[in-house]
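> Following is a predicted model, sequence given first.
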Amino acid sequence: MSRAKGNIAEKRAVEFLKNEGFCVVEQNFYSRFGEIDVIVSRENILHFVEVKSGEDFELAVQNMTPSKISKIIKTAEVYMKKNAFDGEFCIDAIIVTPKAVEIVENITL
């Protein structure tokens, strides 16, 4: 996927999250392990969100591999250590398709 398409999907995801009551904390957080697209909070829980897009839900969600999730977890740990965060958190995905934006909450390996 081109970076331009990725930016459009990320923008749609952020708008969706805001409409769902999330507060955007940070976007595009990088560590040596990888990137977290969006970090949001709601009800004192920090959500590390990976944005995936595709022509349909199945194509987009297939890109959430165990390797990718592992990198997100390591990057989330770096973020929490750097920001001295010691609260509840979870890993989520936002799936962006031409027709819909959906959230998959609390992804685990």
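Cool, the structure landed. Numbering: from 1, shown residues only.
> Assign a three-state SS to the most far-flung residue of the chain relative to its centre, would you?
Most distant from the centre of the chain: residue 84, at 20.1 Å, with distances by Cα atoms, centre = their mean. Recorded secondary structure, residue 84: coil (DSSP: H, G, I helix; E, B strand; the rest coil).
> From residue 28, how far off is it?
According to Cβ to Cβ, to the nearest Å, residue 84 stands 21 Å off from residue 28. No exception for glycine: its C-beta is placed from N, CA and C like everyone else's.
> For residue 22, which non-adjacent residue is closest in space?
Spatially, and ignoring its direct neighbours in sequence, residue 22 is nearest to residue 40 (3.9 Å; Cβ to Cβ, 6 or more residues apart in numbering).
> if I look at that neighbour, how far off is residue 55?
Distance from residue 40 to residue 55, by Cβ to Cβ: 26 Å.
> Between the two, tell me which one has more neighbours.
The neighbour count for residue 40 versus residue 55, taken as other Cβ atoms under 10 Å, is higher for residue 40 (23 against 10).
> count of neighbours near the residue lying closest to residue 44 once chain neighbours are set aside?
Of all residues not flanking residue 44 in the chain, residue 87 sits nearest, at 6.3 Å (Cβ to Cβ, 6+ apart). Per other Cβ under 10 Å, the neighbour tally for residue 87 reads 9.
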